[in-house]
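[1] here is the input, now give the coordinates:
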Amino acid sequence: MSGPHGAGFSGRIGWGARPAVLVIDMVRAYTEPAGPFKLPEPGPALAACAELVDAARAAEHPVVWTVVRYISGLTDGGLFVRKVPALAAFAEDAGGDWGEIALPLKPQPGEPVVVKQYASAFFGTSLASTLAAAGVDTVVACGVSTSGCVRASATDALQHGFRPQVVRQACADRTPEVHAANLADLDAKYADVVDLDDALARLR
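    Numbers count the residues shown, from 1 in each chain. Prediction:
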């Protein structure tokens with residue numbers, strides 16, 4: 001197969017037998033008009049995430065959520081909060097509830113909510129162990145942003161031995177160009193980028 005990097009890239013990882021939907025940082029900071037990370041058009045990705053969650057629940061596949069949270073003073077944010085000062089909005093004393101998962105999404109009892117401090121959902125968290133204990137072999141990634149936490153989480157999913165499937169319509173970024181470029185690079189090297197309809201059919 002060939003892709004944006006030429007021959008030798010863009011092979012297919014495929015789906016395993018036990019998928020889980022991973023909803024990455026789909027919180028109010030990205031979806032609300034006054035949010036510090038507001039995206040220009042979060043609505044379509046938010047709706048697509050909801051469809052994936054509903055399909056996973058109906059078929060009794062795991063659903064896992066991530067949020068970003070820091071303690072007062074941001075001392076657990078390391079150099080990341082220095083590089084991206086807007087992350088201070090996720091401090092426990094910041095106010096604004098920007099780290100709350102955006103409606104209509106809502107975790108159900110028994111669905112893990114992984115709290116992270118860095119881009120990848122796997123870095124410094126229990127996510128890999130949680131997925132492995134549930135027998136998961138495929139991570140269906142959705143959320144925000146495509147170039148940031150989605151990309152980092154999909155890359156780490158591959159590196160932890162899970163099959164990352166990034167759902168094109170269920171992710172969003174600040175411009176269509178950034179979104180498309182990162183999906184193309186992910187699909188070439190670290191994940192399979194799939195369409196929403198295909199992902200829903202697999203989950204069902």
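[2] chain neighbours aside, what residue packs nearest to Arg57?
    Distances taken as Cβ to Cβ, 6 or more residues apart in numbering put Val63 closest to Arg57, at 6.4 Å, once the chain neighbours are dropped. Bear in mind the C-beta positions are built from the backbone N, C-alpha and C, glycine included.
[3] hmm, Ala50 and that neighbour touching each other?
    No: if you go by Cβ atoms under 8 Å, Val63 and Ala50 don't touch, sitting 11.1 Å apart.
[4] contact partners for Val115?
    For Val115, the contacting residues are 66-69, 125, by Cβ atoms under 8 Å, 6 or more residues apart in numbering.
[5] what ranges does the chain have for its helices?
    With DSSP state H as the criterion, the chain has helices at 28-31, 43-58, 80-83, 127-133, 151-159, 176-189, 196-203.
[6] can you say which of those is nearest to Gly8?
    helix 176-189 (9.7 Å; Cβ to Cβ).
[7] which residues does the closest one contact?
    3-5, 9-10, 146-147, 150-151, 154-155, 166, 168, 171-173, 193.
[8] try 6 Å
    3-5, 9-10, 146-147, 151, 154, 166, 173, 193 (Cβ atoms under 6 Å, 6 or more residues apart in numbering).
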